[in-house]
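A.B. asks: here is a sequence together with a model predicted from it:
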Amino acid sequence: MPGVTQVQTTLNGEVINFLCEPRQSLLEVLRDVLGMTGTKEGCNDGNCGACTIILDGRIVDSCLVLGVEAEGRDITTIEGMASPEGLHPLQQSFLENAALQCGICTPGFLLASKSLLDQEPEADEGRIRHWLAGNLCRCTGYDKIVRAVLQVSKAK
Amino acid sequence: MEPFDFISPSSIEEAVKTLASSGDQARILAGGTDMLVQMRAGRRTAPLVVDIKGIPELNVMSYDASKGLTLGAAVPCYRIYQDATVATAYPGLIDSAFLIGGIQIQGRASIGGNICNAAPSGDAIPAVIALGGVCNVTGPNGTREILCEDFCTAPGRNALENGEILVSISIPAPQPNAGANYLRFIPRNEMDIAVAGVGSAVQLDASGQNFVSARIALASVAPTPVFAKEAGDSLAGKAVSEEAVQQASELAMAAAKPISDMRGTIRQRTHLIGVLTRRTLNNAIERARGG
Amino acid sequence: MTSNQVLSEVEYDVVGKRPVRPDGVDKVTGRAQYGDDTNLTGTLRAKVLRSPHAHARIKFIDTSKAEALPGVRAVITAKDLPFASLSKKELGGEYTSLKFASDHMMASDKALFKGHPVAAIAAVNAHVAESAMALIEVDYEVLKPVVDVREAMQDGAPLLHEDLRTNDMGETGEKPSNVATHMSYSIGDLDKGFAEADLVLEKEYTTSTVHQGYIEPHNTTAFWNSDGQLNLWTSTQGSFQVRGTVASILRLPVSQVKVTPMEIGGGFGGKITAYLDAICAVLSKKTGAPVKALMTRTEVFEASGPAPASWMRVKIGVKNNGKMTAVETEMAMDAGAYPGSPVMQAIVCAFACYDVENGKVDGYDVVDNKPKTAAYRAPGAPQAAFAVESLIDEICAELNMDPIEFRLLNAAKEGTRRIEGLVARRIGLVECLEVARDHDHYKSKIDGPNGRGVACGYWPNRGFQSSVVMTVNYDGVVSLLMGSVDIGGTRASIAQQTAETLGIGYEDVKPTVVDTDSIGYTFITGGSRTCFATGLAAINAAEDVKSQMISRAAKIWDTNEDDIEYVAGVVQHKSDEELKLTFKDLARQLATTGGSVSGRASVDPSGEGNGYAVHIADVTVDPDTGKTDVTRFTAVQDAGKAIHPSYVEGQMQGGAVQGIGWALNEEYFFDDSGKMMNPTFLDYRMPISLDLPMIDTVIVEVANPGHPYGVRGVGEVAIVPPMAAVGNAVSAATGNRMRSLPITPGKILEADWENGKS
């Protein structure tokens, strides 16, 4: 059996250690090694965005990052988006605007939207549609997702 | 995926040494957005993966108004377009950095990786060729420079010899009255492979009415990105006019040697090269005039 | 400018409101458990070895090297399925259906499409299982494939099934054929109808194979316990459907199989067929451990069930005043490797928007070397509507008639006899057309390189069996159990109907989707049936609760049940105003008056209400590149009653956008060997956020008399009109009639070139 590597990383604010094989993607590590199943697999080749996480402040597809590359990095997954005080405003807005149907793409959309509004609090519809182009949703036609993000954006 | 070993060298020397001793057993990992997909699909195998993102020189992005831009091979796309100075100096480069994949991909993918991957459709390559970019390579026998238009040798193959790595790309300083633009045609509005792509760069004289020089490069119309030298050269010394642009676009079409596949036919791709050459030249002219 | 309107005539307390869905918080925090999130102790991972050939005889399989790989626990082939050991004689009439079902799951003698399972491996992890796949040796005799529906119909085409003969209206054909079925309906006198026409147009249309494109790949976890009980945790639209299929293929009594439906990441009809369940079950039996499988995206494209490609010929005759006199169509659809395309629905839906006296429709169900097609949102109807609604647009142009006025003149209404013989009950097509005609979108100006198209669509909607059980807790909160999988708001809409019927708050109903051992038979979440049929079951179960609550009150007040009434959540004596208990107050007394109260209902309703929709699309076409962008889109649809308008709008918008994808870019590309060239989301181009405008909606409510709140069902008809609406808009913008889907930039350029434009 191939060798395993110990990796230390910060996951949702906590320093953790895990063992993985070099060939395991960060997506696989999150789901199968760490049991963090909120990050979803849709295509495993970087074309759907369901596995979006925030890595050192940037959104990436976790299927295109190796687990070993997480060494010394800072990761936020959907499990780290709400706080003990309550849901993130985007999570609340997605609920109120019925911005999810099946919900499988929702964690990816939420993290991508959070990253956009963290950087550009006044993002407008065009900017939102551009930023979310790497996240596929097959249920909603994007309308209610874009509206939910717009509601939280300070763009008027 | 088959198992592999993973190392993350911290210097060019270490990386070159490892690569030279491993031969074709090793693969370089930068952003991973192409390579991991290819490995997972079984199109590339590698018993050893060498992550070069920890090497300082590959993460450099330095701009000097007289010397131009040095772009480390592992610098991800977002760093390029988020840098206001670079974005202002090289809008033609930003055009391509901005449309490689979605935002997630741009967080990892690099111009250097796009060039090394050597896909005929690589969006950054025509943009860099048009800007006169040079690839700075280091290997067991020292360093050498390869013109970007000579770097890709076949689909998925590049000019790197055993043990060599692409360290950075140098792009000459923008000249006065110069402008560039890259456009591709895709059926969707993002997240797609170019059916055809064109990068154009022009330098006008002080009046803005005459071409001093021009460079045009094409994507997705040959086994490698194409430097359409005659098309660009045809503009040198000519007055800026619709006819001149049209003539250059016809030469670009002649330089295109596409195939018909599921993404487009020969006729469609050739036609699109004409359309995109005209559009990129006109955009480049507008930028050169300060528009 | 953009808007979502609801045109309601009847208002309710809970029905028609937009509460947050009960499963919402779990789904925005990543806590919801989807199929692949299942993780039982000691779970092995399965991988399926698939045929690299679209058509090949399997001569020999050697699994010994794979079995010897460290980490591999079991390898199976079709020989491990019961079908292999059952003789044709033993199976009798069941032989063909079982052979098809079993072979579809895993090929025994022939691989009939690229991606057809031929073996499966269980190993300690997916990487090891993947490595083991390369060690299985399969000796194939490669046969010539056929992947085009019309080629497959020709004499001399490669035959998929040596003993398949055409069922031609009940008559069995003389020789083997790829045409599984020919069906036909007619009404009136076709020749007379065409003779009366002033204008007759006849055109041919084609559409490509397309995929539902759900984001969650198929997955399942199976554990065959040593007590003989088989447990499955899976992503499915129908847990009872999976139970039935697995029990049938594995020759088990249904009660020996328990299916727990996990949260489902999209289906659109594609998650009705059970692809992995029996495979993982047999691997689990062999290893004694739980076995989980997850398809790759490429496996989903190559080996699940896309929607069929089609060839269609349509002929329509009209008078100069626009009145239709006769209609005729022939439609052929490819079912893929095994019979069962939705061509029957296609020919029934084709002209269901119109009241025409004379008509004839013919359908051909054809097998070819593609993955066996499955349902995809209104299966069959979108292709048919593309053809018919496109031809009607041409007729309107010839007659210089407004396309909505033309449709109003010919619209089906209550009493219209449809081609298959059924007479329409109260339907809302005319109302939808009127709303579209008067909509701000339709009245706005359009010119330049832009074009506008309209089209309408029909889908019958379904009834079928549903079961619901609800228990009144002592705090007055109702626990609601249902067998319908929640694919996009089912818990909310069933809870709303329950709350409305009981006269209690939405927040006082707690819905749960349960496994097949915990509820009566419930048909799939599909066919636009769930809100209607499971809703009816919930309403009936709530009525059951109400009568039991009356009994309890009678006991407390020591009076006759007949003297008590249940009004808006209050149980009260009909004549004594002092005797009155709210639902909650009465619930608190249940423990001392006989214990808990449960209501239950199983229904199999026939009062489904047909669905109609009208779509308006504006496009702009780049004359240099042929690229089409949809710039404005309005969907009008009769929902009967929108229980939760947000999720009805979501269905309308989602269906419209899938249709836009189908219209413009989505298609399977096959090479000559029958290999799909684009089995990734990169090259199978579904619409992204940047490709679309907001999708305006108008919900029309023409109540369905077959449901207490008027529900019709809304999920499917939204995908029926968009392809023709977009195609008609492209035609208006470019002057090119596009009769082949998808309408790609390349096809638009080619049409320009053919028409002499450069």
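C.D. replies: Yes, it's here.

A.B. asks: residue ranges in the chain under the pLDDT threshold?
C.D. replies: Answering for chain A, as no chain was given. Counting by pLDDT under 70, chain A shows low-confidence ranges at A:1-2, A:156.

A.B. asks: not quite, I wanted chain B
C.D. replies: B:291.

A.B. asks: OK, contacts around the residue nearest the centre of it?
C.D. replies: The centroid of chain B falls nearest to B:Ile125 when counting by C-alpha atoms, centre = their mean (2.0 Å). Taking C-beta atoms under 8 Å, 6 or more residues apart in numbering or on different chains, we find B:Ile125 in contact with B:114-115, B:118, B:148, B:151-152, B:217, B:219, B:225. C-beta: built from backbone N, CA, C; applies to glycine.

A.B. asks: now those in TSV, with neighbour count?
C.D. replies: Below are the contacts of B:Ile125 laid out as TSV (neighbours: other C-beta atoms under 10 Å in any protein chain shown):
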residue	neighbour count
B:Asn114	27
B:Ile115	25
B:Ala118	22
B:Cys148	25
B:Phe151	24
B:Cys152	25
B:Ala217	29
B:Ala219	33
B:Pro225	29
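
A.B. asks: out of these, flag the one nearest to chain A.
C.D. replies: B:Asn114 (13.9 Å; C-beta to the nearest C-beta).

A.B. asks: is that closest one within a helix or a strand, and which one?
C.D. replies: helix B:111-117 (DSSP states H and E).

A.B. asks: does whichever strand or helix holds B:Lys17 come close to chain A?
C.D. replies: Taking DSSP H and E as the criterion, B:Lys17 maps to helix B:12-22. No - judged by C-beta under 8 Å from any C-beta of the partner chain, helix B:12-22 and chain A are separated, with a smallest distance of 14.6 Å.

A.B. asks: distance from the helix or strand just after that helix to the middle of the chain?
C.D. replies: Proceeding N to C from helix B:12-22, the next assigned helix or strand is strand B:26-29, under DSSP H and E. Here strand B:26-29 is found 20 Å from its chain centre; the criterion is C-alpha atoms, centre = their mean, to the nearest Å.

A.B. asks: next up, the contacts around B:Ala201.
C.D. replies: Per C-beta under 8 Å, 6+ apart, neighbours of B:Ala201: B:92, B:130-132, B:178-180, B:214-216, B:284.

A.B. asks: by neighbours, which of these wins?
C.D. replies: Greatest neighbour count in the contacts of B:Ala201, by other C-beta atoms under 10 Å in any protein chain shown, goes to B:Ile216: 33 neighbours.

A.B. asks: roughly how far apart are that one and B:Leu147?
C.D. replies: 15 Å (C-beta to C-beta, to the nearest Å).

A.B. asks: show me what contacts the residue of chain A found nearest chain C?
C.D. replies: Residue of chain A nearest chain C, by C-beta to the nearest C-beta: A:Gly38 (2.0 Å). Going by C-beta under 8 Å, 6+ apart, A:Gly38 touches A:77-79, A:107, C:29-31.

A.B. asks: list only buried entries from those.
C.D. replies: By neighbour count, with 16 or more other C-beta atoms under 10 Å in any protein chain shown, the contacts of A:Gly38 hold A:77-79, A:107, C:29-30 as buried.

A.B. asks: nearest to A:Asn47, of these?
C.D. replies: A:Asn47 has its nearest neighbour among the buried ones among the contacts of A:Gly38 in A:Pro107, at 16.6 Å by C-beta to C-beta.

A.B. asks: not counting its neighbours along the chain, what's nearest whichever residue of chain A sits closest to chain B?
C.D. replies: Nearest to chain B in chain A, going by C-beta to the nearest C-beta, is A:Gly134, at a distance of 2.2 Å. Residue nearest to A:Gly134 in three dimensions, not counting chain neighbours: B:Gly102, with 2.2 Å by C-beta to C-beta, 6 or more residues apart in numbering or on different chains.

A.B. asks: distance check, that neighbour against A:Asp61.
C.D. replies: Using C-beta to C-beta, B:Gly102 is found at 9 Å from A:Asp61.

A.B. asks: of the two, which one has the most company?
C.D. replies: The residue with more neighbours, out of B:Gly102 and A:Asp61, is A:Asp61; 34 against 28, by other C-beta under 10 Å.

A.B. asks: contact partners for that one?
C.D. replies: A:27, A:46, A:49, A:51-52, A:134, B:33, B:104-105, B:108.

A.B. asks: now intersect the residues you listed with the helices, please.
C.D. replies: If you go by DSSP state H, these have A:27, B:104-105 in helices.

A.B. asks: give me the pLDDT for the residue of the stretch 151-300 of chain C found nearest chain A.
C.D. replies: Relative to chain A, the nearest point of the stretch 151-300 of chain C is C:Gly265 (2.9 Å; C-beta to the nearest C-beta). In the predicted model, C:Gly265 carries a pLDDT score of 98.
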